[in-house]
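Participant: missing the sequence, but the structure's below:
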């Protein structure tokens, strides 16, 4: 982008400031050293931030894997507990049917899902 022109047709202040600091002058050398230090600090901060971001990403990925494994374990545990509950309910239902003198017994079917099995209990319909 070209320098802005002032109303009087001259270039903006930036060019006149540059003219004050000739390449060999003490002021120029001091400013260049300060600028170089600032650039080094900025680049180091950028590298440090990138490193911290990478470490955080790695930590979160491993945490995510751990949590996914935990979900799988808990899902299997839930499936087992459901089966136990259904088996218990079937036994209670059979006991109640026996106490009532009914010969109707619940039917238990084992259904398979993609990752586990589960029981389905159905009661036969009563004859009318």
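Facilitator: That came in fine, so what should we check first? Predicted, not measured: the structure shown is a model, and the values here were computed from it.
Participant: Residue 87: how many residues sit nearby?
Facilitator: Using other Cβ atoms under 10 Å, residue 87 has 13 neighbouring residues. Glycine gets a C-beta too; all of them are placed from N, C-alpha and C.
Participant: Could you check which helix or strand contains it?
Facilitator: helix 26-99 (DSSP states H and E).
Participant: tell me what that helix is packed against?
Facilitator: strand 107-112, strand 117-122 (3 or more Cβ pairs under 8 Å, 6 or more residues apart in numbering; DSSP states H and E).
Participant: quick check: mean pLDDT across that helix?
Facilitator: Averaged over helix 26-99, pLDDT sits at 93.
Participant: Residue 22: what secondary structure?
Facilitator: coil (DSSP: H, G, I helix; E, B strand; the rest coil).
Participant: Pretty sure residue 29 is one of the things it touches, is it not?
Facilitator: No. Assessed by Cβ atoms under 8 Å, residue 22 is found out of contact with residue 29, at 10.3 Å.
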